[in-house]
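Participant: Got a predicted structure plus its sequence, pasted below:
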Amino acid sequence: MASDIPDISLNNGISIPQVGLGVFQIPPDQTRAATALAIELGYRHIDTAQLYGNEAGVGEAVRESGIDRSEFFVTSKLNNGAHAYADALAAFDQTLATLDIGYLDLFLIHWPLPTIGDFVETWRAMEEIYRGGKVRAIGVSNFQTHHLDRILTECTIVPAVNQIEVNPHLTNEKVRSYDVEHGIATEAWSPIARGRVLDEPAIVAIAQRVGRSPAQVTLRWHVQRGDIIFPKSVHAVRLRENLELFDFELTDDDLAAISALNRDQRTGPDPDAFARLPS
């Protein structure tokens, strides 16, 4: 199954599987088992974060899998309270120690937090981390175009990835287009809008016609648009279903009908306003 998942080439030449497992909101004591199940089903791309508190479980599952480390693509993200230059360096070292898998494939600034600090300083720390050789790529998460403008103007390394909320209710075309223009891959979190899009008549009708679930149709919409996705589940049936996206296609009319559901409606915070630090 892993061999069926296409890779996306990032701007520094490394490849990332287009579909992976997200472990957001999986409790730490369940993460190892959920990740191990996903690995057994063919997942090789796993997305975690310092803020989730479950990096250790991801690392355990990878180490215990018996599969060579090079077969995996593991992402984590910088915690919101570690944006100062020295704090970011130390936080990355802690993630390496917690995961205990030798190196990291992708490290992201989780939120820009523009109202409480200077994310440009944070990005310069990310550049130093990248130059240290213990991470294969660096990127950002939840960055708007004006945040990216500052990174591209004031810093040296173009982010490899921008992980943003994207789904049929929030197509986020302005940021996605900016990413394409500047060679930044778009990763879509909340790809089914926490289930809110699954009852949309347009999606249900397409699902009935192609013989797939509304979730699969929505995820296929992402895939055909070029998004990298990592839906979360701890259930074998859904984990398997979320990989079965590459033996059917949506028509151009299908893609347009799903995109037309856009409401510019978020399920998560506004990146320009979000400033809550973790406790």
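Facilitator: Yes, it's here. Being a predicted model, the structure only gives us computed values, none of them experimental.

Participant: CA only for contacts and neighbour counts going forward, please
Facilitator: Noted.

Participant: in the helix or strand hosting Thr153, what counts as buried?
Facilitator: Thr153 is part of helix 145-154 when elements are defined by DSSP states H and E. Neighbour-count burial for helix 145-154 flags 147-148, 151 (criterion: 16 or more other Cα atoms under 10 Å).

Participant: Also stretch 94-105?
Facilitator: Buried, per 16+ other Cα under 10 Å, within stretch 94-105: 95-96, 98-101, 103-105.

Participant: can you put the residues you listed in TSV and add distance to Pro201 and pLDDT?
Facilitator: Converted to TSV, the buried residues of stretch 94-105 look like this (distance: Cα to Cα, whole Å; pLDDT from 0 to 100):
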residue	distance to Pro201	pLDDT
Thr95	43	98
Leu96	45	98
Thr98	44	98
Leu99	42	98
Asp100	46	98
Ile101	44	98
Tyr103	44	98
Leu104	41	98
Asp105	39	98
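
Participant: Quick check: the residue lying farthest from the centre of the chain vs Val237, distance?
Facilitator: For the chain, the residue at maximal distance from the C-alpha centroid (Cα atoms, centre = their mean) is Arg209, at 29.3 Å. Shown here: Arg209 relative to Val237, a distance of 21 Å by Cα to Cα, to the nearest Å.

Participant: So what does Asp252 have for phi and psi?
Facilitator: phi -60, psi -40 (degrees, to the nearest 10).

Participant: ok, now the one 10 residues further on?
Facilitator: As for Asn262, its main-chain torsions (degrees, to the nearest 10) stand at phi -60, psi 130.

Participant: Number of residues surrounding it?
Facilitator: 16 (other Cα atoms under 10 Å).

Participant: which non-adjacent residue is nearest it?
Facilitator: His169 (4.2 Å; Cα to Cα, 6 or more residues apart in numbering).

Participant: Touching, that neighbour and Arg266? I think so.
Facilitator: Yes: His169 lies in contact with Arg266 (Cα atoms under 8 Å); the separation is 7.5 Å.

Participant: of these two, who's got more company?
Facilitator: Neighbours were counted for His169 and for Arg266 using other Cα under 10 Å; His169 has more, 21 against 16.

Participant: what's the more buried one in contact with, if anything?
Facilitator: Contact analysis of His169 by Cα atoms under 8 Å, 6 or more residues apart in numbering lists 193, 197, 261-266.

Participant: Quick check: pLDDT value at Ala2.
Facilitator: Ala2 carries a pLDDT value of 56.

Participant: on that earlier part again, which PyMOL command selects the buried ones in the contacts of His169?
Facilitator: Buried subset of the contacts of His169, written as a PyMOL selection, criterion 16+ other Cα under 10 Å:
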select buried, resi 193+197+261+262+266
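
Participant: Cross the contacts of His169 against helices and list the overlap.
Facilitator: Among those, no member falls in helices (criterion: DSSP state H).

Participant: Let me know the closest of the contacts of His169 to Gln25.
Facilitator: Within the contacts of His169, proximity to Gln25 (Cα to Cα) peaks at Ala193, which comes in at 14.7 Å.

Participant: Against Thr218, how distant is that closest one?
Facilitator: Relative to Thr218, and taking Cα to Cα, Ala193 is found at 10 Å.

Participant: who touches both of the two?
Facilitator: What both Ala193 and Thr218 touch, as defined by Cα under 8 Å, 6+ apart, is the set Pro168.

Participant: doesn't Asn242 fall inside a helix?
Facilitator: Yes: looking at Asn242 with DSSP: H, G, I helix; E, B strand; the rest coil, it is inside a helix.
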